[in-house]
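**Student:** Show me how the following folds:
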Amino acid sequence: MAQPPILSLEDVALQIGGKWLFEGLDLHIAPRDRIALIGRNGAGKTTLFRLVMDRLETDRGQRKVKPGTRIVLLEQEPDFSTHETLMDFALAGTHAPAEHEIEAIAGQLGIDMSTPAAGASGGERRRAAIARALAQDPDLLLMDEPTNHLDLAAIDWLEDWLSRYTGAFLVISHDRTFLKRLTRATLWLDRGSLRRKEVGFGGYEAWEEQVYAEEARAAEKLDAKLKLEAHWLERGVTARRKRNQGRLEKLFQMRAQRASMISSAGTAKLKLASDEDFKSKSVIVAQDVNKSYGERKIIRDFSLRIQRGDRIGVVGANGAGKTTLLKLLTGEIEPDSGSVTIAQNLTGVMIDQQRSLMTEGLTVRQVLAEGGDWIDVGDTRKHVQGYLKEFLFDPGIVDTKVATLSGGERSRLLLAREFARKSNLLVLDEPTNDLDLETLDLLQEVIADYDGTVLIVSHDRDFLDRTVTVTLGLDGSGFVDVVAGGYEDWAAKRSERTAKSAKPKDSSSDTPALPPPPAPKSSKLSYKDQRDYELLPDRIAELETAISKGEEILSDPALYTSDPQKFANISKGLENARAEKDAAEERWLMLAEQVEG
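**Tutor:** Residues are numbered from 1 along each chain as shown. Next comes the predicted model:
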């Protein structure tokens, strides 16, 4: 039997600036829901969070909360201005977490909570906000772009914590990999309405395509003008995804070509049949580069030729040296030894993660076209309103102040302006922060069509897999791993290297390495507990497989109407499987704690 919701919004309507943002909106969250909240920038996702938190009054409708429910919000940009240290900020949580609980989480995230808040980096602030939110032990956790400013290790930690979390969560995120791994249901906020489907984010795009296809068929009954104005964006999204499939095929071909230039050892020494031809295409050549700060070696013996048209991704933990490497490659700083040669005609544009180029007092027209009606995009002149459409804006915002735009809309506006500039080198520092999923599709398209070379620093794994031809991975020791492909190619290479280094060395090359001895049984466990400890992992894996199959079946939009009884039976089975899996995970974790002392 389905559990009653811990929170509900019923028939909610909200008016902002004389326009209805929501009308007739219903939302119900159950105790163990894992929900992705999807919607374009400006659709009202953050506003919906404020309604859930009871920080905003509605014009109509009601909010119901189960007594005793603890709701915590992990904000996208929390305010640190009134706090001296990160710990002061964390202790100011709504439910006043204990200091030792915050320190326990902060220690796992690798953050010093005594750091002054004013001088903390974006990554340190994000970790402190996560520590504060999780330490409050929420029944419902709202997360607004939780992976922004986090490095890959911190994202992995957060994903692991959330996979074991027994409460409910609702998350806004541009990180497709994060959403696919964790969510079981999707809320889609679109043009004032909120749709829900009981599939994780992995099934969202197919669902979206189906909804748009149905709307397109309905729109055929309208006159041409109405169709054009009401559905240009939806048709553009569908067409863009199809075009991007072709671009991905081209990207795979580029990766294969680049792999042939990189030696099998995975170093940056490149091999090419015609080296002179390769040199003529080179835009940046790094040779035996070393860079240290004090005693710490940041970059060690790094060599790489970057060709015209390359898309280079840079990954690694915060502090591993990504920014230093970027500055070396663009000539902003000099190496301690070795050389970096940059083509004389290289003209770069940098889009930084602070979005510092946006001035709130200006209008959109002033930002793009210096107040005029036309903008030069490369060698082509375009009307500013038509150019806004290309970046998924309503052309009517052309005279809107930047200050009124959402964070994601500002980021998109910055991309629109910078991509219009003439350049042959594009440097993107965390470009996916604050962007919605459709803008990420657009950014992928623009990068693919860009004639020059692209350097991308990002922790967005899916985005890197869709855009880059070569990945530079920094491990913090100064070593830079050069791998043809995206994030997954680099991660696979790293895992392969780790596995090889972990194998014990044999006295004879003919003797296979012995497997590690089985872990001894713990005397702390009874016979039944020991069997549960040994057997539960297999059972959890079986349940995960069953849940995935059930979700896949339910993703068929025709199932509910064609066979409602089958739909109900599978839904019930999914509910039972999820409950059993959660209970099994809790039981195994409890036993594991006993085994580990």
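**Student:** What's the first helix or strand after the helix or strand harbouring V483?
**Tutor:** V483 belongs to strand 480-484 when assigned by DSSP states H and E. Per DSSP H and E, the first helix or strand lying C-terminal to strand 480-484 is helix 487-502.
**Student:** just checking, what packs against that next one?
**Tutor:** Secondary-structure packing of helix 487-502 (3 or more CB pairs under 8 Å, 6 or more residues apart in numbering; DSSP states H and E): strand 311-316, helix 461-467, strand 470-474, strand 480-484. Yep, even glycine has a C-beta here, placed from its N, CA and C like the rest.
**Student:** want to throw those into JSON lines with mean pLDDT?
**Tutor:** As requested, those are arranged in JSON lines below (pLDDT from 0 to 100):
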{"stretch": "strand 311-316", "mean pLDDT": "93"}
{"stretch": "helix 461-467", "mean pLDDT": "92"}
{"stretch": "strand 470-474", "mean pLDDT": "93"}
{"stretch": "strand 480-484", "mean pLDDT": "91"}
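**Student:** Do you have the helices of the stretch 151-300 of the chain handy? List them.
**Tutor:** With DSSP state H, counting those that start in this stretch, the ranges of helices along the stretch 151-300 of the chain come out as 152-164, 176-182, 204-219, 224-259, 275-281.
**Student:** Show residues contacting stretch 152-169.
**Tutor:** Residues outside stretch 152-169 that contact it (CB atoms under 8 Å, 6 or more residues apart in numbering): 6, 29-35, 108-110, 123, 126-127, 130, 134, 138-143, 146-147, 150, 175, 178, 181-182, 315-318, 459, 461, 582, 585-586, 589.
**Student:** nearest residue to the residue nearest the centre of the chain other than its sequence neighbours?
**Tutor:** Taking CA atoms, centre = their mean as the criterion, D175 is the residue nearest the geometric centre of the chain, at 1.9 Å. Using CB to CB, 6 or more residues apart in numbering and skipping residues adjacent in sequence, the residue nearest D175 is T147, 4.7 Å away.
**Student:** Please name the residues that touch the one you found.
**Tutor:** Taking CB under 8 Å, 6+ apart as the test, what T147 contacts is 155, 158, 173, 175, 178, 459-460.
**Student:** G372 versus that one, what's the distance?
**Tutor:** When distance is defined by CB to CB, to the nearest Å, T147 is 38 Å away from G372.
**Student:** Check G122 too.
**Tutor:** Here G122 is placed at a distance of 35 Å from G372 (CB to CB).
**Student:** Between all of the contacts of T147, which two are separated the most?
**Tutor:** L158 and D460 (14.2 Å; CB to CB).
**Student:** Those two: which has the busier surroundings?
**Tutor:** Between L158 and D460, counted using other CB atoms under 10 Å, the more crowded position is D460 (28 against 23).
**Student:** The more buried one touches S173, doesn't it?
**Tutor:** No. Between D460 and S173 there is no contact under CB atoms under 8 Å: 10.0 Å.
**Student:** circling back to that earlier point, any idea which of the helices of the stretch 151-300 of the chain scores lowest on pLDDT?
**Tutor:** Among the helices of the stretch 151-300 of the chain, helix 275-281 carries the lowest mean pLDDT, at a mean of 48.
**Student:** returning to that earlier point: could you dump the helices and strands packed on helix 487-502 to JSON lines with distance to K422?
**Tutor:** Converted to JSON lines, the helices and strands packed on helix 487-502 look like this (distance: least, CB to CB, whole Å):
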{"stretch": "strand 311-316", "distance to K422": "19"}
{"stretch": "helix 461-467", "distance to K422": "21"}
{"stretch": "strand 470-474", "distance to K422": "25"}
{"stretch": "strand 480-484", "distance to K422": "29"}
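**Student:** mind checking which of these is nearest L362?
**Tutor:** Across the helices and strands packed on helix 487-502, L362 has its closest neighbour in helix 461-467 (28.4 Å, CB to CB).
**Student:** And that closest one, what does it pack against?
**Tutor:** For helix 461-467, the elements it packs on are helix 176-182, helix 224-259, strand 311-316, helix 437-449, strand 453-457, helix 487-502, judged by 3+ CB pairs under 8 Å, 6+ apart.
**Student:** give me that answer again for 7 Å
**Tutor:** helix 176-182, helix 437-449, helix 487-502 (3 or more CB pairs under 7 Å, 6 or more residues apart in numbering; DSSP states H and E).
**Student:** Ok, which of those helices comes nearest I16?
**Tutor:** Among the helices and strands packed on helix 461-467, helix 437-449 sits nearest to I16 (CB to CB), with 21.6 Å.
**Student:** Report the buried residues of that closest one.
**Tutor:** Within helix 437-449, the residues scored as buried using 16 or more other CB atoms under 10 Å are 437-445, 447-448.
**Student:** Dump these to a markdown table, plus distance to P78 and pLDDT.
**Tutor:** Output for the buried residues of helix 437-449, formatted as a markdown table (distance: CB to CB, whole Å; pLDDT from 0 to 100):
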| residue | distance to P78 | pLDDT |
| --- | --- | --- |
| L437 | 23 | 83 |
| E438 | 26 | 79 |
| T439 | 23 | 81 |
| L440 | 24 | 85 |
| D441 | 29 | 83 |
| L442 | 28 | 82 |
| L443 | 26 | 86 |
| Q444 | 30 | 86 |
| E445 | 33 | 84 |
| I447 | 31 | 87 |
| A448 | 35 | 86 |
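**Student:** what ranges do the strands span in the stretch 251-400 of the chain?
**Tutor:** In the stretch 251-400 of the chain, the segments counted as strands under DSSP state E, counting those that start in this stretch are 282-293, 296-307, 311-316, 337-342, 348-351, 374-377, 380-383.
**Student:** now the angle from the fourth one to strand 282-293?
**Tutor:** Here strand 337-342 points in a direction 150 degrees away from that of strand 282-293 (axes from the mean of the first three to the mean of the last three CA atoms, to 10 degrees).
**Student:** What strands line up against strand 337-342, and which way round?
**Tutor:** Strand 337-342 pairs in its sheet with strand 282-293 (antiparallel), by DSSP bridges.
**Student:** for the last one, same thing?
**Tutor:** The pairing partners recorded for strand 380-383 under DSSP bridges are strand 374-377 (antiparallel).
**Student:** The nearest residue to G44 once chain neighbours are set aside sits in which helix or strand?
**Tutor:** Nearest residue to G44 in three dimensions, chain neighbours excluded: L21, at 4.9 Å (CB to CB, 6+ apart). Per DSSP H and E, L21 falls inside strand 19-29.
**Student:** Check what contacts the helix or strand just after that strand and list those residues.
**Tutor:** Where DSSP H and E defines the elements, the next helix or strand beyond strand 19-29 is strand 34-38. Strand 34-38 is contacted from outside by 45, 169-172, 179, 182-189, 201, 204, 437, using CB atoms under 7 Å, 6 or more residues apart in numbering.
**Student:** hmm, which helix or strand of the protein has the shakiest average pLDDT?
**Tutor:** helix 275-281 (a mean of 48; mean pLDDT, DSSP states H and E).
**Student:** Residues contacting the strand holding L21, please?
**Tutor:** By CB under 7 Å, 6+ apart, the surrounding residues in contact with strand 19-29 are 5-15, 44, 47, 140, 168, 170, 192, 194.
**Student:** same thing but at 6 Å, please
**Tutor:** Strand 19-29 has contacts (CB atoms under 6 Å, 6 or more residues apart in numbering) with 5, 7-14, 44, 168, 192, 194.
**Student:** So how do I select the buried members of those in PyMOL?
**Tutor:** Per 16+ other CB under 10 Å, the buried members of the contacts of strand 19-29 correspond to this PyMOL selection:
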select buried, resi 5+7+8+9+12+14+44+168+192+194
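**Student:** from the contacts of strand 19-29, which ones fall inside strands?
**Tutor:** Among these, the ones falling in strands (DSSP state E) are 7-14, 168, 194.
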